[in-house]
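K.L.:
Whatever this is, show me its structure:
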Amino acid sequence: MDMNIQIPRIVIAGIHSNCGKTTVARGLMAALVKRGFNVQPFKIGPDFIDPSHHTSICGRVSRNLDPVMMGEPQVMETFINTCNGADIAVIEGVMGMYDGQDGTWEGSTAHVARILEAPVILVIPVSGMSGSVHAIAEGFSKHDPQTRLAGVVLNMVGSPRHKALLQVRKSVEQLGFIPVTSDLEIGSRHLGLYMGEEMEIPEGLATLLEEHADVSKIISIARTAPPLTWEEGFETSDPAMVRIAVARDSAFCFYYQDNLDRLRRHGADLIFFSPVSDSLPQVDMIYLGGGYPELYAQDLENGPARDQIKTAGEAGMPIYAECGGLMYLGRGITGIEGRRSTWTGLLPAEAVMEKRFQALNYTVGIFSGGPSVAPAGTGIQGHEFHYSRLNPDRDARYAIDLSRGKGITDGKDGMYTENCMGSYTHAYFSEKMTAGLIRAARIYQNR
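P.N.:
Residues are numbered from 1 along each chain as shown. Purely as a prediction, here's the structure:
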């Protein structure tokens, strides 16, 4: 049955990357929370880092909205289901407003705004300009009539005089004038910003927006978003049948929340543990996500879980790993400084850290056979972004053939031995892939 669902919502877009949209989005979330709103945050694109900051601010898990990986229906489904109980949704964009896959609009901020019929606020950095800002605002406003640009927030305003000049002959509504500031920026490293759980929420975030933007007007704009028509569905969950150990700590912290939820719905009891400091719990399967294992290389070498994971893998326990988890399943890693650490040795490869990123792309592939975690013919879609490279043995085996993306080597991903598999792809799980993972855990459980 079709339903009309009213959810106030606003998209924070930018004219390009690093224009201040993350600062504005976080500041708006903090201001709304301070006003007593129950805020549901979202991040457009495959990013893991920005959502961690959203989650810390809002107290609700931020979700990725990425039509390239998910498809348009899943974007809508995730949005509707996640907004249950929220007063307002704030959606942070990706790159520039119209920057999508391969130079198209697909997967762009504008694409998601269209899907959700959400008004957009555009962040424009104005350092070194005055009247030219109007040409930018008008150009973005008129570029796509299907995308509703409701106003702009001007970032890096230098002085009251600068603010006054920016308002002369304006034609697009100006909702904020954010001054030049550096104390609210998030520190960065090779894969991007620090994770939300690694930092305190800056006290000045909410004040920044309250003092320099019209938060009440932004709320009013969010409330003008039309009802969304949605076919009511009834999510059912299987009873917990298997236990899956999920590595979650500062070393392994890149997970799509939809993937974890989907595993639970298919019957998994997720047991979170830290390979840095914890022992491996009693489980039927191990899931090692991506993150920053290279920063904790010695701790992972000395941690009790390393040998326990190796023993479990050699005994046939299914292990599924992505990116950082893939590296950890190898024999070891050599850091940029030349120091080597020894890891589990379940996969026949050595990891080496490089100063420049080695891959940045969406990935599309298909399982060709091999480990039990996914039957042959299962599709896989996701994203790869890493600064490491693998030196695999010549006889290494691969379970995934990529039609898009680099993978481990020459379009091959999913290195495996028996039931242990690791890939550079951060996958967005399909129902079929999720069922395959659960099935592998059940087989091991009943062995």
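K.L.:
where are the low-confidence patches of this protein?
P.N.:
By pLDDT under 70, the weakly predicted segments of the chain are 1-3, 182-193, 195-201, 232-235.
K.L.:
where along it do the helices fall?
P.N.:
Ranges of helices within the chain are 21-34, 49-58, 67-70, 72-82, 109-116, 132-143, 160-166, 204-212, 215-222, 257-265, 297-302, 305-314, 324-329, 431-445, based on DSSP state H.
K.L.:
contacting residues around the residue nearest to residue 110 when sequence neighbours are not counted?
P.N.:
Leaving aside its sequence neighbours, residue 110 sits nearest to residue 147 (CB to CB, 6 or more residues apart in numbering; 4.6 Å). Just so you know, the C-beta spots here come from the backbone N, C-alpha and C atoms, and that holds for glycine as well. Residue 147 makes contacts with 97, 110, 113-114, 120, as judged by CB atoms under 8 Å, 6 or more residues apart in numbering.
K.L.:
Quick check: the farthest pair among those residues?
P.N.:
The most widely separated members of those, counting by CB to CB, are 97 and 114 (11.5 Å).
K.L.:
ok, these two, which is more surrounded?
P.N.:
Ranked by neighbour count (other CB atoms under 10 Å), residue 97 and residue 114 place residue 97 first, with 27 against 18.
K.L.:
Can you get me a residue count around the closest residue to the more buried one other than its chain neighbours?
P.N.:
Counting by CB to CB, 6+ apart, residue 97 lies nearest to residue 13, which is 4.0 Å off, once chain neighbours are set aside. Neighbourhood size, residue 13 [other CB under 10 Å]: 33.
K.L.:
Just grab the bridge partners of residue 13 for me.
P.N.:
Assessed by DSSP bridges, residue 13 has beta-bridge partners residue 122.
K.L.:
these two touch, right, it and residue 123?
P.N.:
Yes. With contacts counted by CB atoms under 8 Å, residue 13 reaches residue 123, the gap being 6.9 Å.
K.L.:
intersection of neighbour lists for the two?
P.N.:
Jointly contacting residue 13 and residue 123 under the rule CB under 8 Å, 6+ apart are residue 21.
K.L.:
can you pull the contacts of residue 294?
P.N.:
Applying CB under 8 Å, 6+ apart to residue 294 gives the contacts 324, 327, 333, 335, 351, 353, 388.
K.L.:
So the chain: which segments form each domain?
P.N.:
In terms of domains, the chain is parsed into 2-231, 242-445 (source: automatic domain parsing).
K.L.:
Could you check how far residue 12 is from residue 419?
P.N.:
Going from residue 12 to residue 419 by CB to CB, to the nearest Å gives 43 Å.
K.L.:
Not counting sequence-adjacent ones, nearest residue to residue 55?
P.N.:
The shortest distance from residue 55 to any non-neighbouring residue, by CB to CB, 6+ apart, is to residue 62 (4.9 Å).
K.L.:
Tell me how many other residues crowd that neighbour.
P.N.:
28.
K.L.:
check contacts around it.
P.N.:
Going by CB under 8 Å, 6+ apart, residue 62 touches 41-43, 50-52, 54-55, 257.
K.L.:
with those residues in mind, which one is nearest to residue 342?
P.N.:
The nearest member of the contacts of residue 62 to residue 342, counting by CB to CB, is residue 52 at 29.3 Å.
K.L.:
thinking residue 65 is in contact with residue 47, fair?
P.N.:
No. In this structure, residue 65 is not within contact of residue 47 by CB under 8 Å, at 10.8 Å.
K.L.:
Just want to know which of those two has more residues nearby.
P.N.:
Neighbours were tallied for residue 65 and for residue 47 using other CB under 10 Å; the higher tally belongs to residue 65 (28 against 20).
K.L.:
Now residue 409. Nearest residue, chain neighbours left out?
P.N.:
Closest residue in space to residue 409, ignoring its immediate chain neighbours: residue 392 at 6.5 Å, by CB to CB, 6+ apart.
K.L.:
ok, that neighbour touching residue 348?
P.N.:
Yes. In this structure residue 392 lies within contact range of residue 348 using CB under 8 Å: 6.2 Å.
K.L.:
picking that back up, turn the contacts of residue 294 into a markdown table, including neighbour count.
P.N.:
As requested, those are exported to a markdown table (neighbours: other CB atoms under 10 Å):
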| residue | neighbour count |
| --- | --- |
| 324 | 31 |
| 327 | 31 |
| 333 | 24 |
| 335 | 16 |
| 351 | 27 |
| 353 | 20 |
| 388 | 22 |
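K.L.:
export the residues you listed to TSV and tack on distance to residue 223?
P.N.:
Formatted as TSV, the contacts of residue 294 follow (distance: CB to CB, whole Å):
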residue	distance to residue 223
324	41
327	46
333	50
335	51
351	50
353	48
388	46
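K.L.:
Among those, which lie within strands?
P.N.:
333, 351, 353, 388 (DSSP state E).
K.L.:
Pull the contacting residues for the third one.
P.N.:
It stands for residue 353. Residues counted as contacts of residue 353 (CB under 8 Å, 6+ apart) are 294, 333-336, 387-388.
K.L.:
got it, and the second one?
P.N.:
Contacts here follow CB under 8 Å, 6+ apart; on that basis residue 351 touches 294, 327, 330, 332-334, 343, 388-391.
K.L.:
and with 10 Å instead?
P.N.:
By CB atoms under 10 Å, 6 or more residues apart in numbering, the contact set of residue 351 is 293-294, 297, 324, 326-335, 340-341, 343, 386, 388-391.
K.L.:
and if you look at the first one?
P.N.:
Counting by CB under 10 Å, 6+ apart, residue 333 makes contact with 293-294, 297, 300-301, 324, 327, 339-343, 350-353, 388, 390.
K.L.:
circling back to that earlier point, find residues that contact each of residue 97 and residue 114.
P.N.:
Common neighbours of residue 97 and residue 114 (CB under 10 Å, 6+ apart) are 105, 108, 120, 144, 147.
K.L.:
got these as TSV, with distance to residue 253 columns?
P.N.:
Below are the shared contacts of residue 97 and residue 114 laid out as TSV (distance: CB to CB, whole Å):
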residue	distance to residue 253
105	31
108	26
120	30
144	35
147	33
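K.L.:
ok, of those residues, which one's closest to residue 427?
P.N.:
Nearest to residue 427 out of those is residue 108 (CB to CB; 21.6 Å).
K.L.:
in stretch 171-181, what counts as buried?
P.N.:
The neighbour-count check on stretch 171-181 (16 or more other CB atoms under 10 Å) flags 172, 174-178 as buried.
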